[in-house]
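> Got a predicted structure plus its sequence, pasted below:
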Amino acid sequence: MRVTSVLVWVWIVMAGAALAAPDTSLRPVARGDTAVAATARALRDIRPTARPALLEAALVRQLTRQIENVADPGFQRALDSQTSLATRAFAAVSPQATGLSIRPNLRPDSMVQKAMAQRRARAKGAVCGDPDIQGETVGFVPGRLSACGIQDAVKVRSVSGIPFSQQALMDCTTAKAVKTWVEKGMKPAIGTTGGGVSQIKVAAHYACRTRNNQPGAQISEHGKGRAIDISGFRLRDGSEITLLQDWNRRDTGAKLRKMHQRACGIFGTVLGPDSDRFHKDHFHFDTARHRGGSFCR
């Protein structure tokens with residue numbers, strides 16, 4: 001009887017503890033009407049946001065790689081740097097991206113005809129087999145002295161788009177050397193100063209004479225069509241740089257000295273205002289060959 005009473009008492013205590021303890025089981029709890037309405041409003045307020053440009057670019061690259069790996073894996077690296085092709089590949093697999101694809105507009109016929117006319121004009125005016133050297137072919141030029149003359153002369157009016165102040169008679173070796181100097185020496189030295197060079201001032205070219213016009217001297221390279229003298233430059237803003245006035249100035253003088261320095265190696269002989277009294281106002285460039293290499297002073 002006593003044991004039964006104890007068991008009844010224990011059962012009562014355990015039942016009370018179970019009723020008092022919190023429910024820790026994982027059971028879904030029915031949502032009230034207020035919670036459901038709040039959730040619906042939150043879902044309505046969620047709108048898709050624009051994807052960042054970096055994400056768009058990543059998607060384009062990923063889709064392009066997938067397409068190219070199926071078609072030709074070896075072609076992938078050649079197209080990695082061509083974003084326009086990647087964009088078109090993205091547009092091909094995603095109709096929504098069609099508006100993002102980059103397509104070149106058709107050029108008007110007038111523009112095409114103008115470009116073709118310019119190309120034909122350049123080809124027609126090219127000498128020495130180079131469209132960047134514009135002028136006319138002259139051919140053999142006899143000299144009044146036995147050592148003078150040019151076997152295959154050309155009359156150059158512009159080089160690399162920069163006109164000469166006067167047409168210059170020379171051979172093609174010299175014309176090509178002038179082009180190299182214009183592109184690697186003159187243009188980099190001037191840079192954007194005054195908008196760049198609009199004209200090269202030619203002081204002298206072919207002339208059947210002795211060196212520095214001195215009696216009894218050897219025939220000048222000018223008398224062989226291998227030399228050109230340049231006295232200055234006109235800039236696009238209308239200003240001018242001349243060797244006579246600007247050689248010793250800080251700003252423009254530095255540019256002229258850089259031109260002089262870069263001519264060494266391109267030409268066989270390079271003379272400037274510091275060489276002697278005969279070249280105070282111009283550069284003398286010629287393509288004579290010297291045993292010791294270029295002579296620059």
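Noted; the coordinates are in hand.
> pretty sure C208 contacts G223?
Yes: counting by CB atoms under 8 Å, C208 does reach G223; the two are 4.5 Å apart. All C-beta atoms are positioned from the backbone trio N, CA, C, and that covers glycine.
> more neighbours, the two?
Taking neighbours as other CB atoms under 10 Å, C208 and G223 compare with G223 leading, 22 against 19.
> what's the spacing between that one and R144?
Using CB to CB, to the nearest Å, G223 is found at 9 Å from R144.
> shared neighbours, C208 and G223?
Applying CB atoms under 8 Å, 6 or more residues apart in numbering, one finds that C208 and G223 are jointly contacted by 143, 145, 148-149.
> Any idea which of those residues the model trusts least?
By pLDDT, L145 ranks lowest within those, coming in at 84.
> For that one, grab phi and psi.
The phi/psi pair for L145 (degrees, to the nearest 10) reads phi -110, psi 150.
> how near is it to Q134?
30 Å.
> neighbour count winner among the two?
Q134 (21 against 11).
> got a list of what the more buried one touches?
Residues counted as contacts of Q134 (CB under 8 Å, 6+ apart) are 122, 125-127, 156-159.
> Which helix or strand contains the closest residue to D246 other than its chain neighbours?
Spatial nearest neighbour of D246, chain neighbours left out: T252 (3.9 Å); criterion: CB to CB, 6 or more residues apart in numbering. In the assignment (DSSP states H and E), T252 maps to helix 251-263.
> Show me what that helix is packed up against.
helix 172-181, helix 187-190, strand 240-242, helix 243-246, strand 283-286, strand 295-296 (3 or more CB pairs under 8 Å, 6 or more residues apart in numbering; DSSP states H and E).
> which of the ones you listed sits most buried?
Each of these was scored by mean neighbour count; the highest is strand 283-286, a mean of 24, by mean count of other CB atoms under 10 Å.
> That one pairs with which strands?
Note on strand 283-286: by DSSP bridges, its sheet partners are strand 227-235 (antiparallel), strand 269-271 (antiparallel).
> Can you give me the buried ones in stretch 217-227?
Within stretch 217-227, the residues that count as buried by 16 or more other CB atoms under 10 Å are 219-227.
> if we can go back for a sec, now the strands paired with strand 283-286 in TSV, with distance to G196?
Converted to TSV, the strands paired with strand 283-286 look like this (distance: least, CB to CB, whole Å):
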stretch	distance to G196
strand 227-235	7
strand 269-271	23
